[in-house]
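Novice: just need the structure, nothing else, for what follows:
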Amino acid sequence: MKLLFFIRETELNRNNKGDFHLHTHKEHELVYCFDGFSHTIKKGDLLFYPAGSSHAVRIDDGSEIKIWQIYFSEDLFSNSVNMDKEALFVLGQIKLYLKRGNRIHLSKIGSDRVGKLFESMQWEFKNRYHGYSWTIRLKLIELLVSVIRDREFVIPIRGDVAKPLSNSHIQDVIMYIHTNYMNEMNIDDILQFCPLSRSHFHALFKNETGTTFIKYVNDVRCQKAGELLATTDEPILDIAFSCGYNNFSHFCHTFKDVYGYPPGQFRKNCMALKF
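Specialist: From the prediction side, this is the model:
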């Protein structure tokens, strides 16, 4: 049976270093320090390690900390339910944030709230009364939402740190593009959650980003495709599909417009730079 979530309380000290060693796992991991401190982690800190990433919770030899760990799979959220699509969207925003590192910076109020949610989920998991799995799932969604609503939570969109946009509706659209670029996307999808008229949206988006909606979407998709071409051996056709293009010739034409080279030549150039 596939693991959907697992919660545990762990104490790390010089005698029991717990997850001190470098390791990876197939699930996402959230770590919250609820007591103690070391040079690298202290009470109130929240860490997030995406599935497949190598990491370790490191402490100093003389330190002692207590942490809660939640391991969870994205399969916990189903695309078939609208609320779960929102949960995956929120999780996608947190993944974008992780370009800055695994530590998620929160305000004191936000950190306290996250701590209480961890404690509540730990209690549910330990006692396992009827409905505990559903309750944990809802509390996990509440935790993720609390993180992205925190005033200290700033997402890097392009470059290391994003230049804040003046309009919150366009900010939401940008987040949507970066977390859904691999899916079909059109203006009608955007206007379902963006309360603007079609003409007002296009004008405001161009004013905020300096480009059109279609051009921005293509730039994001081609950027993701470029990363895959440069770092993997995946077939170009598979890369095109995984980045939201259903028409291969359209992908090649668009990619060349963005980078100046067709995908195959771009990959050859990247390989040549490695030697």
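
Novice: all contacts plus neighbour counts: C-alpha atoms, from now on.
Specialist: Will do.

Novice: any idea how far the nearest residue to residue 245 once chain neighbours are set aside is from residue 187?
Specialist: Residue nearest to residue 245 in three dimensions, not counting chain neighbours: residue 251, with 6.1 Å by C-alpha to C-alpha, 6 or more residues apart in numbering. Distance of residue 251 to residue 187, given as C-alpha to C-alpha, to the nearest Å: 19 Å.

Novice: please identify which of the two sits among more neighbours.
Specialist: residue 251 (25 against 13; other C-alpha atoms under 10 Å).

Novice: element containing the more buried one?
Specialist: If you go by DSSP states H and E, residue 251 is part of helix 248-259.

Novice: before we move on, what about residue 36?
Specialist: Going by DSSP H and E, residue 36 is part of strand 28-37.

Novice: for stretch 30-40, buried residues please.
Specialist: By 16 or more other C-alpha atoms under 10 Å, the buried positions in stretch 30-40 come out as 30-34, 36-38.

Novice: need the contact list for residue 30.
Specialist: By C-alpha atoms under 8 Å, 6 or more residues apart in numbering, the contact list for residue 30 reads 46-49, 69-71.

Novice: just the buried ones from the residues you listed?
Specialist: Looks like those have 46-49, 69-71 buried, using 16+ other C-alpha under 10 Å.

Novice: want to throw those residues into JSON lines with secondary structure, distance to residue 92 and pLDDT?
Specialist: JSON lines is the format used below for those (DSSP: H, G, I helix; E, B strand; the rest coil; distance: C-alpha to C-alpha, whole Å; pLDDT from 0 to 100):
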{"residue": "46", "secondary structure": "strand", "distance to residue 92": "17", "pLDDT": "91"}
{"residue": "47", "secondary structure": "strand", "distance to residue 92": "16", "pLDDT": "90"}
{"residue": "48", "secondary structure": "strand", "distance to residue 92": "12", "pLDDT": "90"}
{"residue": "49", "secondary structure": "strand", "distance to residue 92": "13", "pLDDT": "89"}
{"residue": "69", "secondary structure": "strand", "distance to residue 92": "20", "pLDDT": "89"}
{"residue": "70", "secondary structure": "strand", "distance to residue 92": "17", "pLDDT": "89"}
{"residue": "71", "secondary structure": "strand", "distance to residue 92": "17", "pLDDT": "88"}
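
Novice: and residue 45, backbone torsions?
Specialist: Dihedral pair for residue 45: phi -80, psi 140, per degrees, to the nearest 10.

Novice: typo on my end, it should be residue 186
Specialist: phi -140, psi 180.

Novice: mind telling me what element residue 115 is part of?
Specialist: With DSSP H and E as the test, residue 115 turns up in helix 108-127.

Novice: contacting residues around that helix?
Specialist: Outside helix 108-127, the residues that touch it by C-alpha under 8 Å, 6+ apart are 7-9, 32, 34, 44-46, 68, 132-133, 135-136, 139-140, 143, 146-147, 150.

Novice: perfect, I'm done here.
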